[in-house]
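# Using only what follows, build the 3D model:
(one chain, ligands or ions: 1)
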Amino acid sequence: MNNQNNDVIIGLEVHIQLTNLKTKLFCSCNNDYRGTEANSHVCPICIGLPGSLPVLNKKAIEFATRLAIVLNCKINQKFWFFRKQYFYVDLAKGFQISQYNKAGGRAFADEGKITIKLNSHKKVIILNRIHLEEDPARLVHKGSIATSPYTLVDYNRSGVCLIEIVTEPVIDSPEEAREFLRQLKSIVQYTGISSLDLEGSVRVDANISLRSHERSEVKNINSFREVERALRHEIIRQKNLLKRGKKLIQETRHWDDKRRITISLRTKEFEADYRYFPEQDLVPIEIDDNFIQKVKDQLPEMPIERSRRLQRDYNLSEFDSDNLVLDKDIADFYEDGVNSDASFGPNEYKQYCNWLMNDISRWLNEQNKIITDTKLHPHQIVDLIRYLNEGKITTKIAKTIIDDMMEGFSISEILEKKDKKRISDDNLLKKLSKEVIEENPKIVNDCRDNPKAIEALIGRIMVKTRGQADPHIARRIILDLLKQFGKIK
Ligand SMILES: [Zn+2]
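Residues are numbered from 1 along each chain as shown. From the prediction side, this is the model:
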C-alpha cells in the first residue's frame, strides 16, 4: 500500500473497555467508575479477597459475541479463563483473569478482519484473535508519574471488562494503523458495546519492528489519536539507531505522551514469566448455536450496510457515504436532517452532506468535540440550505455563522443579529464596489459570458467588509456599475 514504509512491520493489541455494560466482568459492582469517589464501587471479588468467587457476566459474553460476528471471527464455543500471574499494586489478587490461546486454552474468537481504505486503495487487516479479560485498578498520581510524591490506587476500575483485539503483524505504516483504528472505533460504536470517546476506555500496545530486526513493544498508548504519533516516533528512533551502527534489542517501551517519546521499561519478559494456568474458580464456558444466532438476529445495521443504503436512498457517492457513516452519531444526525424536509432531493442530500462533513466536522475537530456535545440541531442545516438556495444568504455568509449555529441559535436569529451590524450604506458600498472592479479585471471580463462571475465580485466585497455588507444591495450596485462601464448588457 505504501512503498516507502514496506520495511516497517506493525501489529496492534487494542484493549477496549466494554463501557456499556452495567456491571463488571466477574462481580455485580457498577461498571461505570468515572467521576466516582475512589474505592466506592468495590466488593470482595474485585479487590481479590481470599475466598471470594468470581461469577461471569453473561452480558459480557453477548457483547463479545456481537463484536466477533461483525469482525468475521471464528467464535470458540467452548473455552475457559486463565490466570495471568504478575505482581503489581494495581492487581490486588496477584493475577489477572484473562484468556490464553495456548496450553489447551482458547481465545474468545480467532481470526477476523477489518477492511481499510487509504488513498483509495483497499487493504484487509487480518486479526489474530479477540479475547476477554479484566481491567486492573487505576493508579492515580499527582502530576506526572515521574515526579509524583505518591501513588494512589483506585479499585473502582478493578474488574471492569476489557476486550482485547490482536491484529496479525500486517500493518505497514502509521497511517494504516490510524485507518484501522478509525474503522475499529466505528464498528465498536455501531455494535453499542462501548463508548470509546470516554477517557481511558482504550489502551493500545504496538509491536513494531524494521524488517529482519528485533521488535519493540510500545505499551499503554492511551488514545487512538496517540498511536500514529507513537509509531512515527518509534520508527525514527529505530532507524536512527541502525544508522549509528547500533543493534536493536527486543524490549518493552513506554509512550510518554507529554514529551512525545518512547522510554525503555524493561527488556521483554517472556510468556513463561506469567505462569498462566486455568482459572479453577470459574466453570468452562459453552456458547451454543442458538445464542450466537440470537445475537446475530439482533445486530443493528453496521457501517458497511449503512453506507450502501445511504448511496441508494440519498444518491450519495461511495466516498461521501463511507465518510458519513464512520461516526454513527453523525450519520444519525444526517438522516434526521434530510428526512425532516419532504421537499429535499438529491441536490439537497449532497449539500447537507457537504456542510456536515466539511464545515461542521472541521469545527468539531478544532474544538475537539463530538456532535452530541453541541447544541446543533439537524433542522438548522436544513434551514441553512433553504436560505442558501433561495438566495437569501451567500455561501460566504453561511460559513461565518457556523459558530452561532453550534450554539443552537436558529438561522433567522443569527441573521437578525447580524442584520444590526449590516452595512447597507449605498455610498460606502459603491466605493468598495468600484475598488473591487478595479482590482479584479479578469473576473469583470468573465461577467460578460458568465453571470455567475458576479458572485465572485460580491464575495470580494464580503471579504472587505468581513461578511457584513448587505449582499442584495451589493449585487444591485455591482450590476449597475458593470452596466455603466459597458462590461455587461
Ligand atoms: Zn466487585
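
# tell me which element the closest residue to residue 322 other than its chain neighbours is part of?
Distance criterion CB to CB, 6 or more residues apart in numbering; nearest residue to residue 322, sequence neighbours excluded, is residue 307 at 5.2 Å. C-betas here are computed from N, CA, C, even on glycine. Element membership of residue 307, judged by DSSP states H and E, is helix 303-314.

# Kindly export the helix or strand just after that helix (C-alpha atoms) in CSV.
For helix 303-314, the following helix or strand on the C-terminal side (DSSP H and E) is helix 318-326. Extracted C-alpha coordinates of helix 318-326, given in CSV (Å, rounded to 0.1, in the frame of the first residue of the first chain):
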residue,chain,number,x,y,z
GLU,A,318,-19.4,5.9,-2.1
PHE,A,319,-16.8,8.3,-0.9
ASP,A,320,-19.4,10.6,0.8
SER,A,321,-21.4,7.8,2.4
ASP,A,322,-18.3,6.0,3.7
ASN,A,323,-17.2,9.2,5.4
LEU,A,324,-20.7,9.9,6.7
VAL,A,325,-21.3,6.5,8.3
LEU,A,326,-17.9,6.4,10.1
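
# Show me what helix 318-326 is packed against.
helix 174-191, helix 303-314, helix 328-339, helix 346-355 (3 or more CB pairs under 8 Å, 6 or more residues apart in numbering; DSSP states H and E).

# Work out the gap between the last one and the centre of the chain.
Translated: helix 346-355. Between the centre of helix 346-355 and the centre of its chain there are 23 Å (CA atoms, centre = their mean, to the nearest Å).

# what mean pLDDT does that helix have?
Mean per-residue pLDDT for helix 346-355: 96.

# Need the phi and psi values for the closest residue to residue 408 other than its chain neighbours.
Once flanking residues are discounted, residue 408 sits nearest to residue 375: 3.0 Å by CB to CB, 6+ apart. Main-chain torsions, residue 375, degrees, to the nearest 10: phi -100, psi 10.

# Is there a neighbour count for residue 375? I'd like the number.
10 (other CB atoms under 10 Å).

# List the contacts of it.
By CB atoms under 8 Å, 6 or more residues apart in numbering, the contact list for residue 375 reads 406, 407, 408.

# Quick check, pLDDT for residue 272.
We note a pLDDT of 68 for residue 272 in this prediction.

# Kindly report the same for the one 3 residues further on.
Among the per-residue scores, residue 275 shows a pLDDT of 87.

# Check whether it really touches residue 82, as I assumed.
No. Using CB atoms under 8 Å, residue 275 makes no contact with residue 82, being 10.1 Å away.

# Kindly report the domain assignment for the protein.
3-296, 303-420, 426-484 (automatic domain parsing).

# Figure out the length between the terminal residues of the last one.
Counting by CA to CA, to the nearest Å, the length from the leading to the trailing residue of domain 426-484 is 16 Å.

# how much space between the residue in the stretch 201-350 of the chain that the ion sits nearest to and residue 100?
Nearest to the ion in the stretch 201-350 of the chain, going by CB to the ion, is residue 281, at a distance of 14.3 Å. Counting by CB to CB, to the nearest Å, the gap from residue 281 to residue 100 is 16 Å.

# sorry, back to before: just checking, what packs against the helix holding residue 307?
Against helix 303-314 (3+ CB pairs under 8 Å, 6+ apart) you get helix 174-191, helix 318-326, helix 328-339, helix 346-355.

# any chance of those helices in TSV, with mean neighbour count too?
Formatted as TSV, those follow (neighbours: other CB atoms under 10 Å):
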stretch	mean neighbour count
helix 174-191	21
helix 318-326	19
helix 328-339	19
helix 346-355	17
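
# Longest helix in the chain, please.
helix 224-243 (DSSP state H).

# need the contact list for whichever residue of the stretch 51-200 of the chain sits closest to the ion.
Across the stretch 51-200 of the chain, no residue is closer to the ion than residue 159, which sits at 5.5 Å (CB to the ion). Counting by CB under 8 Å, 6+ apart, residue 159 touches 24, 25, 26, 27, 29, 45, 46, 134, 135.
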